[in-house]
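# fold the following.
(one chain, ligands or ions: 1)
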Amino acid sequence: MQSRNPETMVLHAGPRTDGGSGAVVVPIFQTTAYEFKNTEHAANLFALKDFGNIYSRIMNPTCDALEQKMTTLEGGVAALAVSSGQAATALSIQNLCRPGDNIVSSTDLYGGSWNLFANTLPSLGITVRFADPADPESFRAATDERTRAYYAETLPNPKLTVFPIGEVAKIGRDLGVPLIMDNTAAPIICRPFDHGAAVVVHSTTKYIGGHGTSIGGIIIDGGNFDWSAQHGRFPTLNEPDPSYHGAVWTEAVKPLGPIAYIIRARVVLLRDLGSSLSPFNAFQFIQGLETLPLRMREHCRNAAQVASYLQQHSAVARVIYPGLHEDAVQANRANTYLRGGHGGLVGFELSDGSAAGARFIDALKLFYHVANIGDVRSLAIHPASTTHSQLRLADQLSSGVTPGYVRLSVGIEHIDDIISDLDQALAAATRPMATAA
Ligand code: PLP
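Got it, this is the predicted structure:
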């Protein structure tokens, strides 16, 4: 079933029914191994002459159905489901880098990615150079012959400034460097491959699952990057792989299509590092995907109304929302890269600073106070007293976290109830404190 419409894709991409049972809903294939027909069949599977199931660390039919749906939704050629969003980010880079190599990353990142890039990857010999997304040319300036990828998030919080995907992808393509986009905060409303990205990663834990039940991640290969054109830049894909009988991935899988990158991630990295997704979690993500387009519409609609409400509130100094950017460049990027809404995340600053931020959070009744985004329920956090509390004030400010900053992940409850909860919590946050007698 071919369709350009996400509502149809999420339901009909991938297997229509289970071949064995005719089940309409993808079953949970809770199995570790798969029986081979005979020794020749087993040998062919291991040699990648035939494609089929061997062992659930590297492939599983439930995970495969999720991979097919996500590939179609993002417009790529193949995907690899993994155990978390963090695993997706780490593997997407490790698939290209060896010690001594580097990547260039946007400074505007989820904290977990920041730690991975600032500490763990360097400890493995992979350097990360940080570039300012406000100036796409800073990516070019940071590139050298050992640069293996660019990395960025479509809609990073807390700043919520849309990344210049097309501009940086073009610089990368001029220099032979692929752009990896973390599209976790903007599924459906942004398709990074349409703007030149080469690889997309998601934390499926967030909007894709949508119900706050499971941790998972996925890497999607756009199939649009010529890894062999710059032979020396991508040795992991162009040089014989001693762990796989000397296979050269760009040659070995050529007859199957432009899938060298994602096949290597599966048969080498997942085989060796083992961050596999459980089929049960894959099932949960498939259930989530089926309503993702509907939920994103509601998240976007509710978030836009929350942003306008906050803009008019006297206790709010500033609202941070991609649909409200006053800066012309930012507004233009939001319009270029986001379609059908500006996402479900809204930031705002309370005029009375950190204490008011904490009072606001403590007064919420409907919003959950959690370090998460993308749930059907509305969520809130005060970064200065939680996620960013270990940072010095200067570092908090440079990451966009002011003392009174509050981040909302607006859910799909009725908008009247969402606003009513914000209203009473803002009143509590700004009420004069009783003075001790
Ligand atoms: N990318 C983004 C934008 C995130 O917000 C997160 C988690 O909050 C991750 C990646 C990591 O995902 P996970 O928690 O599934 O490992």
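# find the nearest non-adjacent residue to the closest residue to the ligand within the chain, please.
Of the residues in the chain, the one nearest the ligand is Gly85, at a distance of 2.3 Å by Cβ to the nearest ligand atom. In short, each C-beta sits where N, CA and C put it, glycine included. Taking Cβ to Cβ, 6 or more residues apart in numbering, and ignoring the residues beside it in sequence, Gly85 has Ser203 as its nearest neighbour in space, at 2.4 Å.
# the nearest residue to Ser351 once chain neighbours are set aside in helix, strand or coil?
Across the structure, with Cβ to Cβ, 6+ apart as the measure, the residue nearest Ser351 apart from its sequence neighbours is Ala317 (4.3 Å). Of the three states, Ala317 takes strand according to DSSP: H, G, I helix; E, B strand; the rest coil.
# and Ala317, what does it touch?
For Ala317, the contacting residues are 348-351, 404, taking Cβ atoms under 8 Å, 6 or more residues apart in numbering as the criterion.
# in the protein, where is pLDDT below threshold?
For the chain, the stretches with pLDDT under 70 are 1, 433-437.
# which parts of it are strands?
Per DSSP state E, the chain has strands spanning 78-82, 102-106, 127-131, 147-153, 179-182, 199-203, 217-221, 316-320, 345-350, 368-369, 379-381, 405-409. These are given in chain order.
# so which residues on the protein come close to the ligand?
84-86, 110, 112, 153, 182, 184-185, 203, 205, 215, 217, 373 (Cβ under 6 Å from any ligand atom).
# can you tell me how far the closest residue in space to Thr71 that isn't next to it in sequence is from Leu237?
Counting by Cβ to Cβ, 6+ apart, Thr71 lies nearest to Ala79, which is 4.6 Å off, once chain neighbours are set aside. Between Ala79 and Leu237 the distance is 17 Å, computed by Cβ to Cβ, to the nearest Å.
# neighbour count for these two, which is higher?
Residue environment comparison for Ala79 versus Leu237 gives the larger neighbour count to Ala79, 29 against 22, counting by other Cβ atoms under 10 Å.
# isn't the more buried one up against Ile218?
Yes - when contacts are counted by Cβ atoms under 8 Å, Ala79 is listed as touching Ile218 (5.5 Å).
# and for the two, which residues touch both?
Overlap between the contact sets of Ala79 and Ile218, as judged by Cβ under 8 Å, 6+ apart, is given by 67, 70.
# now stretch 397-405: how far from the chain's centre is it?
A distance of 22 Å separates the centroid of the chain from that of stretch 397-405, by Cα atoms, centre = their mean, to the nearest Å.
# any buried residues in it, and which?
399-405 (16 or more other Cβ atoms under 10 Å).
# re the thing from before, the residue of the chain closest to the ligand reaches Val200, doesn't it?
No - look at Gly85 against Val200 with Cβ under 8 Å: they stay out of range, at 12.0 Å.
# so what sits against both of those two?
With contacts taken as Cβ under 8 Å, 6+ apart, Gly85 and Val200 have Asp182 as neighbours in common.
# between these two, who's got more neighbours?
Neighbour tally, Gly85 and Val200, criterion other Cβ under 10 Å: the higher count belongs to Val200, 31 against 24.
# just checking, the more buried one touches Leu179?
No - using Cβ under 8 Å, Val200 and Leu179 do not qualify as a contacting pair, with a distance of 9.6 Å.
# related to what we said a few turns ago, quick one: contacts for the residue of the chain closest to the ligand?
Shown here is Gly85, whose contacts under the criterion Cβ under 8 Å, 6+ apart are 112, 182, 184, 201-206, 215-217.
# please apply the same query to Glu251.
No contacts exist for Glu251 under Cβ under 8 Å, 6+ apart.
# for Leu48, see how far away it is.
For Glu251, the distance to Leu48 (Cβ to Cβ) stands at 12 Å.
# buried ones in the lengthiest helix in the chain, by neighbour count?
In the chain, assigned by DSSP state H, the helix with the most residues is helix 279-311. Using 16+ other Cβ under 10 Å as the burial criterion, the residues of helix 279-311 that qualify are 279, 281-293, 295-300, 302-307, 309-310.
# repeat for stretch 54-73
Buried, per 16+ other Cβ under 10 Å, within stretch 54-73: 54, 56-73.
# Ile220 contacts Ala81, correct?
No - in this structure, Ile220 sits apart from Ala81 without contact. The criterion is Cβ under 8 Å, and the distance is 9.9 Å.
# common neighbours of these two, please.
Met70.
# narrow the residues of the chain next to the ligand to just the buried residues.
The neighbour count (16+ other Cβ under 10 Å) marks 84-86, 110, 153, 182, 184-185, 203, 205, 215, 217, 373 as buried among those.
# which two among those residues are spaced furthest apart?
Across those, the longest distance by Cβ to Cβ is 18.2 Å; it joins Glu153 and Ile215.
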